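Visitor: turn this into a model:
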Amino acid sequence: MDYQLTDIEARVLGALIEKEITTPEYYPLSLNALTNACNQKSNREPVMTLDEEAVRAALRSLSDQFLTRSAGGDSRVAKYEHRVNELFNFHRHEIAVLCVLLLRGPQTPGELRARGERLYPFEDLESVNSALHLLMKREPPLVTVLPRQPGTKESRYAQLFSGAPASAPAGEQASASDPELFGPAARSEVGVSDRERVARLEREVVALREELAELRAQFAAFQKQFQ
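Guide: So this is what the prediction gives:
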């Protein structure tokens, strides 16, 4: 089926996917924990300030589309989980890429590699491109490449759970079989120059700082559940 998620629904779905991978001991998530995850200041673009009612409404819509459900268990607090693995049987590198796109919007392969490190240990940019290729080949496609912006070397990619981005008119979307995307020319373009290595290291430092801030926020949220 074709999905048309709102920005809030995409954030809720992305947050559930992220927490299942990064903090499985606290997953599925309570409504309070999920709201905190959606409102994180790290690893989110844009930063949102959602209340529990907005998150609850998004969960209802996502459940109607079979993307989330209420999780059973002995807990007296209702908890929620996503169902995307059941629906799509993703490889680990696919779901990592998709999760970053849901949480942070359109990204270049280099950004996806740096920002998805907590979700999957990408060996190189080729493994990121492999995940993008698989997601673009699905029926219907779940990712598209955006027209390259003037003055930029790398194309950005966007998830299609929220529909086709305004900046990617149907006539300009590249096909998953386009040789320019995954052939030698593309791999050469995203090759590792000294400047790109430094930029990658800087992104990794930023990602580590964001992860530390996220862990602190998760610990605070965990403590709050027992107060």
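Visitor: what's the local residue count around K153?
Guide: 10 (other Cβ atoms under 10 Å). Using the backbone N, CA and C atoms, a C-beta is placed for each residue, glycine as well.
Visitor: now it: which helix or strand?
Guide: For K153, there is no host helix or strand (DSSP states H and E).
Visitor: and if you look at E111?
Guide: With DSSP H and E as criterion, E111 is part of helix 109-115.
Visitor: report the mean per-residue pLDDT for the next helix-or-strand element following that helix.
Guide: Next along the chain after helix 109-115, taking DSSP H and E as the criterion, comes helix 125-137. Mean pLDDT, computed over helix 125-137, is 96.
Visitor: what's the pLDDT at K41?
Guide: At K41, pLDDT is 95.
Visitor: wait, it sits on A213?
Guide: Yes - assessed by Cβ atoms under 8 Å, K41 is found in contact with A213 at 7.1 Å.
Visitor: more crowded one of these two?
Guide: A213 (14 against 11).
Visitor: pull out the buried residues from the helix or strand hosting E53.
Guide: Using DSSP H and E, E53 falls within helix 52-64. Using 16 or more other Cβ atoms under 10 Å as the test for burial, helix 52-64 gives A54, V55, R56, A58, L59, L62.
Visitor: ok, those residues vs E9, which is closest?
Guide: A58 (4.6 Å; Cβ to Cβ).
Visitor: was I right to think that closest one contacts E9?
Guide: Yes - using Cβ under 8 Å, A58 is in contact with E9, at 4.6 Å.
Visitor: circling back: for the buried residues of helix 52-64, give me CSV that also has distance to F219 and pLDDT.
Guide: Below are the buried residues of helix 52-64 laid out as CSV (distance: Cβ to Cβ, whole Å; pLDDT from 0 to 100):
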residue, distance to F219, pLDDT
A54, 24, 98
V55, 21, 98
R56, 24, 98
A58, 25, 98
L59, 24, 98
L62, 27, 98
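Visitor: ok, those vs P46, which is closest?
Guide: A54 (14.7 Å).
Visitor: for the closest residue to the closest one other than its chain neighbours, pull up the helix or strand it's in.
Guide: Leaving out its chain neighbours, the residue that sits closest to A54 by Cβ to Cβ, 6 or more residues apart in numbering is I8, at 5.9 Å. For I8, the element it lies in under DSSP H and E is helix 7-22.
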